[in-house]
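**Student:** Next come a sequence and a model predicted from it.
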Amino acid sequence: MSRQAAPEPEVDRRRDAERTRVDILDVATEEFANQGYSGARVDEIAARTRTTKRMIYYYFGGKEQLYLAVLERAYAEIRAAERAIDVDQLDPVAAIRRIADVTFDHHEAHPAFIKLVGVENGQRAENMSHVARLVDLNSSAVDVLRGVLARGQQAGTFRTDVDALDVHMMISAFCFFRVANRHTFGALFGRDLLDPASREHYRTMLADMVVGYLGQR
């Protein structure tokens, strides 16, 4: 019985390096989300990843570069979830509802993403505005919507005076508010926006709202 060849040392080193990099990004995401950019400490990230500050700088270059890597990965994850929807196989209304559902689910499952967006807005997007890849990543979401809207307009299902970026904003705003404003909304109105009992109500409400806006007047 032949023995399986042992992995090459170089392959092992690459795997270890990738695991370390992912581990650093996971912890850095929590640190930046909870402490903000100014409050986050690379020493704390190093301690929680059982690595060194020097090693983090080796992988990412510095605190700012690490923060941008965290942002890029966070946005890449939601854009990947959107790209995974086979919108071409869905009629325009079903495609819009599916995009809204995926955004709703992702925002709920990734509260750190919501916090990171808040951190960057607090800094007036001074960091991300200099990263072309972030612009390219997020343009893809609007491109997908633009294609779905065009099909719906050609079919006479959607009105023609709508803008894909407005629809993206509409979906994102609802999903973002529900997570980001959970505590303040609850304190003011006594309603938990993340109450599991209300989840499907809000999920359906979002899709209905967007489809209703797009419908022919």
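**Tutor:** That came through, no problem.
**Student:** Any chance of the backbone angles for residue 61?
**Tutor:** When read as degrees, to the nearest 10, the backbone of residue 61 gives phi 100, psi -30.
**Student:** Then residue 47?
**Tutor:** Per-residue torsions, residue 47: phi -60, psi -40 (degrees, to the nearest 10).
**Student:** Quick check, central residue of the chain?
**Tutor:** residue 78 (3.7 Å; C-alpha atoms, centre = their mean).
**Student:** I'd assumed residue 108 was in contact with that one.
**Tutor:** No. Residue 78 is beyond contact range of residue 108, at 11.8 Å (criterion: C-beta atoms under 8 Å). Yep, even glycine has a C-beta here, placed from its N, CA and C like the rest.
**Student:** picking up where we left off before, can you pull the contacts of the residue nearest to the centre of the chain?
**Tutor:** Contacts for residue 78 were tallied using C-beta atoms under 8 Å, 6 or more residues apart in numbering; they are 103, 106-107, 110, 113, 141.
**Student:** For the helix or strand where it lies, what does the pLDDT average out to?
**Tutor:** Under the criterion of DSSP states H and E, residue 78 resides in helix 63-83. Mean per-residue pLDDT for helix 63-83: 92.
**Student:** what distance separates it from the centre of its chain?
**Tutor:** Put simply, helix 63-83 sits 7 Å off its chain's centre (C-alpha atoms, centre = their mean, to the nearest Å).
**Student:** Only the buried residues of it, if you could.
**Tutor:** 63, 66-75, 78-79, 81-82 (16 or more other C-beta atoms under 10 Å).
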